[in-house]
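Participant: A structural model of the following input is requested.
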Amino acid sequence: MALQVSLSTFARIALTAVDSAFLGHLGTSSLAAASLASTWTYVALAGVWCGATALITLCGQAWGAKNGVLTGVWLQIGIALVTVLSVPVMAWYCWCIGFLLELSTDDNEVVQLGVRFARILSLSVWPSLVYICLRLYFQSMGIMTPITVVGMLSIGLAVAANYVLVFGAYGFGGFGFDGSPMATVIAAWFQPIALVAYCIFFKKMHLQAWGGWDFASFTPDRLQVFLKIATPLAANNVMSSLASSALALIAAKLGSEVIAANAVVGGLWSLLWALFWGFGSATQIRVANLLGANRPNAARVLAFLGFSCTVATVSALAIATFLLRESLFHLYSTDDTLVQMCMLAQPIFITGYMIESMEILISSVLAAMGEVRVTAWTSSLSVWLVGIPSAYVGGIVLGFGLRALWFGVCAMEVVKLLVFALVLLRVDWTAMARRAVKNMETNSANESDVETESLHVAMSEGGVATGNAAPVMSSPAALELLTPSRRKQQWDQVEDQLVSACQV
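Facilitator: Take a look at the predicted model:
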């Protein structure tokens with residue numbers, strides 16, 4: 001599951017990276033304009049986008065609690081909210097970006113190009129938000145293969161569309177700079193349309209967790225539960241995005257070349273993040289599943305395994321990044337001066353990347369529990385009290401340039417990692433499981449649940465669903481049909497063995 005989550009996330013992040021790669025070959029001004037525009041547009045998008053990630057916890061816990069109808073209700077609430085909120089986000093893209101770009105830089109060409117980029121890109125807002133809801137809904141049920149395939153196809157579509165719309169082909173001259181955001185819009189619409197066509201209309205995978213559209217299910221209690229998780233996530237990411245914009249302002253004060261170099265390093269950071277995020281997302285989903293199923297010990301063991309896999313994966317990616325050196329940055333630009341500027345920040349960049357990976361994994365586990373206030377406050381305070389001051393003093397006051405920007409990021413991640421680790425060590429997993437069960441409106445197990453569950457004994461906990469089947473909380477027993485009390489007893493035995501093994 002982790003590999004497929006990584007690939008699907010990589011595909012989403014790659015859409016922006018593809019834009020940067022093509023625009024970087026048009027010139028430094030084009031790359032700088034797209035980078036600044038993307039930084040400011042993401043401020044509005046991040047709040048809605050990351051608020052929607054509450055579906056990881058809510059759908060995951062509902063599915064773990066075997067409440068398939070509620071899983072579908074959470075999806076409905078998510079889609080309804082992002083649809084309403086997409087309107088002000090699109091307005092932000094169209095009418096606010098120009099003013100913000102003028103504050104960011106004195107380069108009129110960069111401002112004009114950035115405004116055009118943002119206005120065209122506004123057409124991708126709604127499909128992107130709907131797709132994230134659908135993707136998290138299916139991920140919570142273990143349905144990963146269609147998401148991965150759609151994601152990889154969208155990369156190919158984005159590359160082909162960028163090439164044709166930017167440079168032209170077969171007698172068509174292309175649109176130049178404007179062609180790149182157009183290509184992103186095409187890919188953004190392709191993703192939800194393809195996923196709905198295959199998973200819902202063709203394979204009907206949604207039927208196992210869907211009770212039909214029913215706005216009567218949007219009860220105040222459910223909206224309160226959703227907003228209780230989504231609001232801190234949204235606020236945290238808005239603050240983080242504002243901080244990224246502040247860092248972009250610092251970079252802008254250092255010149256257009258630093259803006260472009262920062263965009264290249266940031267783009268590589270995002271791609272590497274996508275490659276390890278599979279473990280973070282898979283861990284969050286499975287921990288939420290287990291807490292919803294009232295399996296606190298199993299959830300704790302799985303969190304430890306997710307952390308171990310993350311460390312191993314990130315170490316390998318960091319070594320590969322260090323060995324490849326300039327060749328990675330040449331994907332974005334052929335300007336040797338720009339590439340050498342990126343190389344100066346590479347050691348700090350790699351260090352920060354490794355620290356961030358561990359921090360994100362731990363924050364994902366906390367989010368699976370619904371403990372989002374801690375992550376929100378810690379992230380916001382560390383960004384504004386550690387990251388930005390360090391970047392400003394080092395980059396502008398002391399004159400260390402791009403390296404200082406990424407040193408500020410590294411220092412910020414250290415603070416977040418220490419706080420999150422301390423909070424996780426003090427968590428009462430049993431209490432978290434009880435709260436998850438309460439929120440998911442679950443009832444005690446009955447014999448029909450056990451009979452249905454026994455049909456899926458052969459499916460692994462981290463397996464991938466095919467057709468209309470999806471992995472459920474399968475019993476660790478052999479083949480006989482178990483009663484609820486016997487099933488719980490055997491689960492407890494397995495959990496005790498796992499915990500003992502990890503302690504050894």
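Participant: how far off centre is stretch 144-152?
Facilitator: 15 Å (C-alpha atoms, centre = their mean, to the nearest Å).
Participant: actually stretch 17-35, sorry about that
Facilitator: The answer for stretch 17-35 is 23 Å, by C-alpha atoms, centre = their mean.
Participant: what does it rub up against?
Facilitator: 105, 107, 109-114, 117, 155, 158-159, 162-163, 166, 176-177, 180-181, 183-184, 248, 256-257, 259-260, 262-264, 266-267, 270-271, 331-335, 338 (C-beta atoms under 8 Å, 6 or more residues apart in numbering). C-beta here means a position set from N, CA and C on the backbone, and glycine is covered the same way.
Participant: start and end of that stretch, how far apart?
Facilitator: Stretch 17-35 has an end-to-end distance of 10 Å (criterion: C-alpha to C-alpha, to the nearest Å).
Participant: can you check stretch 326-345 too?
Facilitator: Termini of stretch 326-345 sit 12 Å apart (C-alpha to C-alpha).
Participant: can you give me the domain boundaries for the chain?
Facilitator: Following automatic domain parsing, one finds the domains of the chain at 2-433, 447-503.
Participant: most packed of these?
Facilitator: Each of those was scored by mean neighbour count; the highest is domain 2-433, a mean of 21, by mean count of other C-beta atoms under 10 Å.
Participant: mean confidence for that one?
Facilitator: Mean per-residue pLDDT for domain 2-433: 86.
Participant: can you give the distance from that domain to the centre of its chain?
Facilitator: Using C-alpha atoms, centre = their mean, the offset of domain 2-433 from its chain centre is 5 Å.
Participant: helices along the stretch 101-250 of the chain, start to end?
Facilitator: Assigned helices in the stretch 101-250 of the chain, in chain order: 108-121, 125-140, 145-162, 179-195, 220-253 (criterion: DSSP state H, counting those that start in this stretch).
Participant: out of these, flag the one nearest residue 370.
Facilitator: For residue 370, the closest of those is helix 220-253, at 5.7 Å, according to C-beta to C-beta.
Participant: that closest one packs against which elements?
Facilitator: helix 28-52, helix 54-64, helix 68-95, helix 97-104, helix 256-292, helix 372-382, helix 388-392, helix 402-425 (3 or more C-beta pairs under 8 Å, 6 or more residues apart in numbering; DSSP states H and E).
Participant: need these in CSV with distance to residue 172, can you?
Facilitator: Shown next, in CSV, are these (distance: least, C-beta to C-beta, whole Å):
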stretch, distance to residue 172
helix 28-52, 20
helix 54-64, 40
helix 68-95, 27
helix 97-104, 29
helix 256-292, 27
helix 372-382, 45
helix 388-392, 43
helix 402-425, 38
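Participant: so which of those helices comes closest to residue 439?
Facilitator: Between the helices and strands packed on helix 220-253, helix 54-64 lies closest to residue 439; by C-beta to C-beta that is 6.6 Å.
Participant: hmm, who's touching the closest one?
Facilitator: Contacts of helix 54-64 (C-beta under 8 Å, 6+ apart): 68, 70-71, 74-75, 78, 133, 136-137, 139-141, 209, 225-226, 229-230, 233, 281, 284-293, 367-370, 436, 439-440, 473.
Participant: make it 7 Å
Facilitator: Helix 54-64 is contacted by residues 70-71, 74-75, 78, 133, 136-137, 140-141, 209, 226, 229-230, 233, 281, 284-285, 288-293, 367-368, 370, 436, 439-440, 473 when judged by C-beta atoms under 7 Å, 6 or more residues apart in numbering.
Participant: cool, stretch 350-367 as well?
Facilitator: 57, 269, 272, 276, 279-281, 283-284, 287, 303, 306-307, 310-311, 314, 318, 321-322, 374-375, 406, 409-410, 413-414, 416-417, 420-421, 423-424.
Participant: and with 6 Å instead?
Facilitator: Identification of contacts with stretch 350-367 by C-beta atoms under 6 Å, 6 or more residues apart in numbering yields 272, 276, 280, 283-284, 287, 303, 307, 310, 314, 318, 321-322, 375, 409-410, 413-414, 416-417, 420-421, 424.
Participant: can you list contacts of stretch 66-75?
Facilitator: 55, 58-59, 62-63, 137, 208-211, 217, 440, 442.
Participant: any chance of those in JSON lines, plus distance to residue 97?
Facilitator: Below are those laid out as JSON lines (distance: C-beta to C-beta, whole Å):
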{"residue": "55", "distance to residue 97": "28"}
{"residue": "58", "distance to residue 97": "32"}
{"residue": "59", "distance to residue 97": "33"}
{"residue": "62", "distance to residue 97": "38"}
{"residue": "63", "distance to residue 97": "39"}
{"residue": "137", "distance to residue 97": "31"}
{"residue": "208", "distance to residue 97": "42"}
{"residue": "209", "distance to residue 97": "38"}
{"residue": "210", "distance to residue 97": "38"}
{"residue": "211", "distance to residue 97": "41"}
{"residue": "217", "distance to residue 97": "37"}
{"residue": "440", "distance to residue 97": "40"}
{"residue": "442", "distance to residue 97": "45"}
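Participant: from those, pick the one nearest residue 96.
Facilitator: For these, the closest approach to residue 96 (C-beta to C-beta) belongs to residue 55, at 27.5 Å.
Participant: with adjacent residues omitted, what lies nearest to that closest one?
Facilitator: Leaving aside its sequence neighbours, residue 55 sits nearest to residue 136 (C-beta to C-beta, 6 or more residues apart in numbering; 4.2 Å).
Participant: quick check: the one you found vs residue 202, distance?
Facilitator: Distance from residue 136 to residue 202, counting by C-beta to C-beta, to the nearest Å: 20 Å.
Participant: compute the first-to-last residue distance for stretch 365-376.
Facilitator: 14 Å.
Participant: and of the helices and strands packed on helix 220-253, who's closest to residue 347?
Facilitator: Judged by C-beta to C-beta, the one of the helices and strands packed on helix 220-253 that comes nearest to residue 347 is helix 402-425, at 8.7 Å.
Participant: between the closest one and helix 372-382, how many degrees?
Facilitator: Orientation check (axes from the mean of the first three to the mean of the last three C-alpha atoms, to 10 degrees): helix 402-425 against helix 372-382 gives 150 degrees.
Participant: and the next element down the chain from helix 402-425?
Facilitator: helix 429-439 (DSSP states H and E).
Participant: CA atoms of that following helix as CSV?
Facilitator: Only the C-alpha atoms of helix 429-439 are listed here, as CSV (Å, rounded to 0.1, in the frame of the first residue of the first chain):
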residue,chain,number,x,y,z
TRP,A,429,-3.4,4.5,22.8
THR,A,430,-6.3,2.8,24.6
ALA,A,431,-8.1,6.1,25.2
MET,A,432,-7.5,7.1,21.5
ALA,A,433,-9.1,3.8,20.4
ARG,A,434,-12.1,4.4,22.6
ARG,A,435,-12.6,7.9,21.2
ALA,A,436,-12.3,6.7,17.6
VAL,A,437,-15.0,4.0,18.3
LYS,A,438,-17.3,6.6,19.8
ASN,A,439,-16.8,9.0,16.8
